[in-house]
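*Asks:* Coordinates only, no sequence provided:
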């Protein structure tokens, strides 16, 4: 039996496990391991663990705490280097941590990895009690949905950040939340 080429070998995915919903992300990705595309799924807390993965997920949680723990544990600069070069997906706090700029931060601002050329607004929709769900057309899912099925996907906004500006013309918006009131212009959510 021959070895699979690098382009077809399974992708080893790391989930940043410094704070936040990393356990839930690991469970979700491990459920996909039955496919030939997903290899190992591991918690990432150290530089060595980070170096062992092909792609990284930065989960939801508290972005200022993630940054603080990353700095104190000595992994921050390795994280910045990794996400500058390899596939990385940030959900909620992960999006904030990846952004070049964040609005509505704490008084002294916050440390960001600063590699995703977007400006995000933290907690755009207010407090936990203001959370909501909405189903939106998601054209980027056309390739993964079965022929004839809908590409409408349910989005959950729990103290959610949004992208208020894309600061590089090469970055493409995938989903836009329609305006919720007369003053809004719509927010990029993916």
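*Replies:* Good, I have the coordinates. The structure presented is a predicted model; accordingly, all values stated were derived computationally and were not measured.
*Asks:* what does stretch 66-74 rub up against?
*Replies:* Contact partners of stretch 66-74, identified using Cβ atoms under 8 Å, 6 or more residues apart in numbering, comprise 16, 18-20, 45-47, 58, 76, 79, 93-94, 97, 110-112. To be clear about C-beta, it is placed using only N, CA and C from the backbone, and glycine gets the same treatment.
*Asks:* got it, and stretch 94-107?
*Replies:* By Cβ under 8 Å, 6+ apart, the residues outside stretch 94-107 that reach it are 16, 20, 57-61, 63-64, 66-67, 83, 88, 90, 109-110, 112-124, 161, 163-164, 167.
*Asks:* Would you report which members of those are assigned to strands?
*Replies:* Counting by DSSP state E, the contacts of stretch 94-107 place 16, 57-58, 88, 90, 116-121, 163-164 in strands.
*Asks:* Serialize these to JSON lines and add fields for distance to residue 36, pLDDT and neighbour count.
*Replies:* Shown next, in JSON lines, are those (distance: Cβ to Cβ, whole Å; pLDDT from 0 to 100; neighbours: other Cβ atoms under 10 Å):
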{"residue": "16", "distance to residue 36": "25", "pLDDT": "97", "neighbour count": "30"}
{"residue": "57", "distance to residue 36": "19", "pLDDT": "96", "neighbour count": "22"}
{"residue": "58", "distance to residue 36": "25", "pLDDT": "96", "neighbour count": "30"}
{"residue": "88", "distance to residue 36": "22", "pLDDT": "95", "neighbour count": "21"}
{"residue": "90", "distance to residue 36": "26", "pLDDT": "93", "neighbour count": "23"}
{"residue": "116", "distance to residue 36": "29", "pLDDT": "95", "neighbour count": "25"}
{"residue": "117", "distance to residue 36": "33", "pLDDT": "96", "neighbour count": "16"}
{"residue": "118", "distance to residue 36": "32", "pLDDT": "95", "neighbour count": "22"}
{"residue": "119", "distance to residue 36": "38", "pLDDT": "95", "neighbour count": "16"}
{"residue": "120", "distance to residue 36": "34", "pLDDT": "93", "neighbour count": "28"}
{"residue": "121", "distance to residue 36": "39", "pLDDT": "90", "neighbour count": "20"}
{"residue": "163", "distance to residue 36": "33", "pLDDT": "90", "neighbour count": "21"}
{"residue": "164", "distance to residue 36": "39", "pLDDT": "90", "neighbour count": "17"}
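*Asks:* Same list (those residues) but as JSON lines, adding distance to residue 138.
*Replies:* Listed next are the ones in strands among the contacts of stretch 94-107 as JSON lines, based on distance: Cβ to Cβ, whole Å:
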{"residue": "16", "distance to residue 138": "25"}
{"residue": "57", "distance to residue 138": "19"}
{"residue": "58", "distance to residue 138": "21"}
{"residue": "88", "distance to residue 138": "20"}
{"residue": "90", "distance to residue 138": "17"}
{"residue": "116", "distance to residue 138": "19"}
{"residue": "117", "distance to residue 138": "22"}
{"residue": "118", "distance to residue 138": "18"}
{"residue": "119", "distance to residue 138": "22"}
{"residue": "120", "distance to residue 138": "19"}
{"residue": "121", "distance to residue 138": "21"}
{"residue": "163", "distance to residue 138": "15"}
{"residue": "164", "distance to residue 138": "20"}
